[in-house]
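Undergrad: the following comprises the amino acid sequence and a computationally predicted model.
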Amino acid sequence: MSDCIFCKIIEKKIPAKVIYEDEHAVVFEDINPQAPVHTLIIPRKHIPTLLDIGEEDHALMGHLIKVAGTIARSKGIAERGFRVVANCNHESGQTVYHIHLHLLGGRPMHWPPG
Ligand code: AMP
Ligand code: ZN
């Protein structure tokens, strides 16, 4: 999508610290990290929100979660623990309408989240 900032990162039209890429997913460092580890896992496919996931996207979503675990291991936070968050629509705090998983870790996490 032409006006989507995450599509532009995928297309390398704007810079990002990309740490992993495969056929279906791209992972990069969050520009405003909320924890020592804060990366974003996104599909190459432009899907605006969790509500827009179709039947054909089920394998893709599973893949994104699997990638989150792979990145957690590579960042050395898998055993300590980490959090995967997906915000949906405005009350959750979603600001970029291209679905993404936040991978957060490297410090104790609080519950319930704010
Ligand atoms: P959300 O609020 O769940 O939609 O998350 C969007 C995230 O994208 C926020 O944590 C932002 O800090 C992050 N973000 C926005 N623009 C960029 C960018 N150009 N590069 C990296 N992360 C970004
Ligand atoms: Zn997009």
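TA: The structure has been received and is ready for your questions. Ligands and ions are numbered 1, 2, ... in the order given.

Undergrad: identify the bridge partners of Ala25.
TA: Ala25 forms beta bridges with Pro43, as assigned by DSSP bridges.

Undergrad: hey, which helix is longest across the protein?
TA: Of all segments of type helix in the chain, defined using DSSP state H, the longest is helix 58-74.

Undergrad: which residues sit against it?
TA: Among residues not part of helix 58-74, those counted as contacts by CB atoms under 8 Å, 6 or more residues apart in numbering are 19-20, 22, 24-25, 27, 37, 39, 41-43, 45, 53, 78, 82, 84, 101, 103, 105. Where C-beta positions appear, they are placed from N, C-alpha and C, glycine not excepted.

Undergrad: got the residues of the protein near ligand 1?
TA: 5, 16, 28, 30-32, 40, 87, 93-96 (CB under 6 Å from any ligand atom).

Undergrad: and the very next helix or strand once past the longest helix of the chain, what does it pack onto?
TA: Beyond helix 58-74 on the C-terminal side, the first helix or strand identified by DSSP states H and E is strand 82-85. Judged by 3 or more CB pairs under 8 Å, 6 or more residues apart in numbering; DSSP states H and E, the packing partners of strand 82-85 are helix 58-74, strand 101-105.

Undergrad: can stretch 31-42 be found next to ligand 2?
TA: No. In this structure, stretch 31-42 remains apart from ligand 2 according to CB under 5 Å from the ion; the gap is never smaller than 7.9 Å.

Undergrad: in that stretch, which residues are buried?
TA: Residues of stretch 31-42 classed as buried under the neighbour-count rule (16 or more other CB atoms under 10 Å) are 35, 37-42.

Undergrad: and for stretch 95-102?
TA: Of the residues in stretch 95-102, those with enough neighbours to count as buried (16+ other CB under 10 Å) are 97-102.

Undergrad: looking at these, which is nearest Glu11?
TA: Distance from Glu11 was checked for each of these by CB to CB. The minimum falls on His98, at 11.9 Å.

Undergrad: give me every residue that touches the closest residue to Asn87 other than its chain neighbours.
TA: The spatially closest residue to Asn87, leaving aside those adjacent along the chain, is Gln94, at 4.1 Å (CB to CB, 6 or more residues apart in numbering). For Gln94, the contacting residues are 49, 87-88, taking CB under 8 Å, 6+ apart as the criterion.
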